[in-house]
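**Q** Structure of the sequence below:
(2 chains)
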2 protein chains.
Amino acid sequence: MSTTPNPTEAEETQEQLDRVLSAAADCTWSQTSPHTRADALAAVADALDARSDALVREALRETGLPEARLTGELTRTTVQLRMFAEELRDGSYLRIALDRADPDFALGARPDLRRWLIPVGPVLVYAASNFPFAFSVAGGDTASALAAGCPVVLKAHPGHPETSRLTAETVLTALRESGAPEGTFALITGRQAGVSALRDPRVAAGAFTGSVTGGRALFDIASSRQDPIPFFGELGSINPAVVTAGAERESAEQIAAGFVGSFTLGAGQFCTKPGILLLPSGSELPKRIAELARDVPAARMLTSAIAERYRETTAQLCELDGVEVLVRGTEEPDPSGVARVSPTVLHAGGASELLTETALLEENFGPFAVIAEYSSDEELRSVLAAVPGSLTVTVHAADDPDSDERRSLRDLVALAAAGSGRIVFGQWPTGVAVTPAQQHGGPYPATTAASTTSVGTAAIDRFLRPVSYQNAPEFLLPEALRESNPLGLPRSTHQPGASQRWTAPQQ
Amino acid sequence: MSTTPNPTEAEETQEQLDRVLSAAADCTWSQTSPHTRADALAAVADALDARSDALVREALRETGLPEARLTGELTRTTVQLRMFAEELRDGSYLRIALDRADPDFALGARPDLRRWLIPVGPVLVYAASNFPFAFSVAGGDTASALAAGCPVVLKAHPGHPETSRLTAETVLTALRESGAPEGTFALITGRQAGVSALRDPRVAAGAFTGSVTGGRALFDIASSRQDPIPFFGELGSINPAVVTAGAERESAEQIAAGFVGSFTLGAGQFCTKPGILLLPSGSELPKRIAELARDVPAARMLTSAIAERYRETTAQLCELDGVEVLVRGTEEPDPSGVARVSPTVLHAGGASELLTETALLEENFGPFAVIAEYSSDEELRSVLAAVPGSLTVTVHAADDPDSDERRSLRDLVALAAAGSGRIVFGQWPTGVAVTPAQQHGGPYPATTAASTTSVGTAAIDRFLRPVSYQNAPEFLLPEALRESNPLGLPRSTHQPGASQRWTAPQQ
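**A** Model (predicted):
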């Protein structure tokens, strides 16, 4: 993204920022019970629903995204909040483990040990440009951090400042009315404040969705602090898609339409946009894809900064040697001042070209895709292995492949797992279900923390860390760990004697 | 630790290192089933047990640690291996989650999604100086990484090179005989090779136990790679211990003896050594502790480098203004050439002195402890809040405190949880049980990854990352995720309709 100052990023004074961070650090939100937090999150969801007309109207004005998309995204946002509320009521996210004292333990007498997860502390969340609700002020990062018990300091995205302000106001009021302590949530808007906050010892973790450049710069700050903190950045992903010859034979038209629909959805401004399509040599699909892409109307980009960067990157990539421009998108002015663009599709030729023209393997955020053709399984595999870490890999194969095809598909899927967090079969990667089995993450540069997800219930894990209590008197244990289990939380218990089998067999 | 070259750190050539890393990267260990890996780990444990006499004899010669300690540590090592084997047979560590396809999902039709954890790739493990078995070649990091399915490249510690070589040979033979593929495990010894390997794209994660200086340097390398990788470093910890007036009244002698026993155990060379003791103002304990500490015989330090650093740091701390030297330890030569030292105890005066003399808040690895006295709960809390992140906090309180004391103890425990990974009540932090509820980790500088543990079964989590399969045909799913569940693994399943309650109530 652009680094020029933006008038919508009003800077906090050092004093204002200091107040925000102190309030977060001193906040007792972490001491509230999971049920209390569940009620508060549900109250936030209700408040957002109650204000949905005003919120969607403002987002419509600021982002130019279609109304149905914004309404759906707000629903996703409130569903996420309620889903985390449910996780809190269930309680298994705390992974409570109890080891009973065991005088005969294999390694000598073992004390009573009780382990659970506690919130890491204040989380600094950077809102995304491309989801004014679901990855913004009250989005998935905020919901999962609040659920974990972490106060949230939210750096608003300049692409939708009023939507952010209105959402924050709604969140703050709902939290306050449901009894959440001061400091549980705060909005900041300054770019410099967003950087200073990350350097501040009162901040315990960062979460970010955005560009590789911006995300890496923040990751480097978080990692080079005197006390490094975790930084959960979701940066850039090329999301390769592979079509086999068998799949093309069976469903060429569906594949062409599906691909064009997916890479142009939301003007190509989704993290999961399939940016590269790998086709069997001699495929007829490029022609059909070009036809369909030409019919996609221009759509407004999210911000001028994104539009500018897209314009430059696209122009550079179209100029690359050996690249055929199948469709050259147009750019039109929009009353908002942010450009409207129509899709661009390049054909790189043989897939191996991608191994040398690595610029084509980097995300170009917008309605842009690259097609390449592979002439052997080996070529396909070598290209897939060279693709940088991605959120997703998509595979379209025949419904009932023969045994040779199955073998090579298995190799392909192993490579896909090594390089991504989600493998999509016969569908397209855009549209990310918010559920327990979802994984939205992947090796760098897809994310800076491949072992975590930013979508789905497992997203809460990012903001928790374990603490064990050894030989604690009942009155000093957190309620969750007391013998009487007053909160009725699920636990796994490890009984004395259970470990005898760990010792060596008598010889 | 010292940075002078060590003759026992024989450098690999670039070609040798390249072969090791290629073998790890190409290794199919990650593709083996959990049961296969369980058998292999158990075989390694059996092989170590079968060779225990030779291993202990070599470690005795190289480290000078007491035989009973070494025998116990080797048992711990094999117990750890068998414990991870058991985790693998149980399978719940894979956290398999299945979301059934749901056409009526709250946010639109939901595909079939199946999530599990896969190994991250080759792990570079740096062996510790102070545990020639349990945190060395076949120690907890190696056992948990191998269990996860990650090939291990082990950088040996120069403090016990022959023990390392002999252990590695035993591990390699056992792995080979149990059918593990080439590249599953390798030993390297070169200091430069250990650094080069961390920079190599074929290495996916690092694990380390050692000093703050060394660990931070390696963390910085891992974080500043073009593709940053997770680095699980267990660095330095001061492990504060607090005694209340009530506890001293009830059990002064036990506390004095327990403290001296704990901070001098293994010549004070444990990560969990209690380095600071906070006593109520006017306590009689310092006098008694000094008496007991004077009676502790000198013990050999682990390596010359550690002894040298300990000598320098101790001399500096003894010279600090306002510090009273209660016991000044002696240093004697040992036939091994590594010095033997007896305990040193300082009295810092009022606890608040620690807020200005922050050198006293840093780990001094060896038989050294600092005592300070607090005159109010407030002073105690402010000092505890200033202690850098620790592995443990220890609390000794009266058996049945009154309600005021309970309140202040609760505040104390909340602070302890914020600053550490384990809170120990009425016992001492050295001696770390290897069990499911154990937490051996804590905020920086105790570790570089406070959300993980390097002891106990949860240590396996460090080397896994999630991958989801969307809409996959049965034949392309890993066995673990197939509908028929051929491996019989535990799973949580999320049925259609289960999420209807996430939607907003009708208004």
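
**Q** element containing residue A:422?
**A** Under the criterion DSSP states H and E, the helix or strand holding residue A:422 is strand A:420-425.

**Q** ignore the last one, residue A:173
**A** Assigning secondary structure by DSSP H and E places residue A:173 in helix A:161-177.

**Q** Establish whether that helix and chain B are in contact.
**A** No - for helix A:161-177, no contact with chain B is found by Cβ under 8 Å from any Cβ of the partner chain; the gap never falls below 13.6 Å. The way it works is simple: take the backbone N, C-alpha and C, and place the C-beta from them, glycine included.

**Q** try stretch A:356-369
**A** No - Stretch A:356-369 lies out of reach of chain B by Cβ under 8 Å from any Cβ, never closer than 12.3 Å.

**Q** now the end-to-end length of that stretch.
**A** Across stretch A:356-369, the terminal residues are separated by 17 Å (Cα to Cα, to the nearest Å).

**Q** related to what we said a few turns ago, now tell me what touches the helix holding residue A:173 from outside.
**A** A:8, A:40, A:43-44, A:46-48, A:51, A:54-55, A:58-59, A:61-63, A:127, A:132-133, A:136-138, A:142, A:154, A:156-157, A:184-185, A:187, A:189 (Cβ atoms under 8 Å, 6 or more residues apart in numbering or on different chains).

**Q** domains in chain A, as residue ranges please.
**A** When chain A is parsed with automatic domain parsing, its domains come out as A:14-235+A:452-464, A:240-425.

**Q** Out of those, which is closest to residue B:352?
**A** Nearest to residue B:352 among these is domain A:14-235+A:452-464; the distance by Cβ to Cβ comes to 20.2 Å.

**Q** longest helix anywhere in chain A?
**A** Within chain A, and with DSSP state H defining each element, the longest helix by residue count is helix A:67-90.

**Q** ok, back up a step: counting only strands, which of the contacts of helix A:161-177 make the cut?
**A** Using DSSP state E to define strands, the subset of the contacts of helix A:161-177 located there is A:154, A:185, A:187.

**Q** In TSV, list those along with pLDDT and neighbour count.
**A** Formatted as TSV, the entries for those read as follows, by pLDDT from 0 to 100; neighbours: other Cβ atoms under 10 Å in any protein chain shown:
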residue	pLDDT	neighbour count
A:154	98	28
A:185	98	28
A:187	98	20
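
**Q** Show me what counts as buried in stretch A:49-57.
**A** Along stretch A:49-57, these residues count as buried under the neighbour rule (16 or more other Cβ atoms under 10 Å in any protein chain shown): A:49, A:51-52, A:55-56.

**Q** Could you export it as PDB, CA atoms only?
**A** The C-alpha atoms that make up stretch A:49-57 are tabulated as PDB, following Å, rounded to 0.1, in the frame of the first residue of the first chain:
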ATOM      1  CA  ASP A  49     -27.400  -5.800  13.800                       C
ATOM      2  CA  ALA A  50     -29.600  -3.100  15.300                       C
ATOM      3  CA  ARG A  51     -27.500  -0.500  13.500                       C
ATOM      4  CA  SER A  52     -27.000  -2.400  10.300                       C
ATOM      5  CA  ASP A  53     -28.800   0.100   8.100                       C
ATOM      6  CA  ALA A  54     -26.700   3.000   9.100                       C
ATOM      7  CA  LEU A  55     -23.500   0.900   9.000                       C
ATOM      8  CA  VAL A  56     -24.100  -0.500   5.500                       C
ATOM      9  CA  ARG A  57     -25.100   3.000   4.200                       C
END
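
**Q** what's next to that stretch, contact-wise?
**A** Stretch A:49-57 is contacted by residues A:48, A:67, A:70-71, A:74, A:78, A:133, A:163, A:166-167, A:170, B:504, B:507 when judged by Cβ under 8 Å, 6+ apart.

**Q** got it, and stretch A:86-101?
**A** Around stretch A:86-101, the neighbours that count as contacts under Cβ under 8 Å, 6+ apart are A:34-35, A:37-38, A:41, A:109-117, A:147, A:457, A:460-461, A:464, A:466, A:471, A:480-481, A:487-496, B:433, B:435-438, B:501-502.
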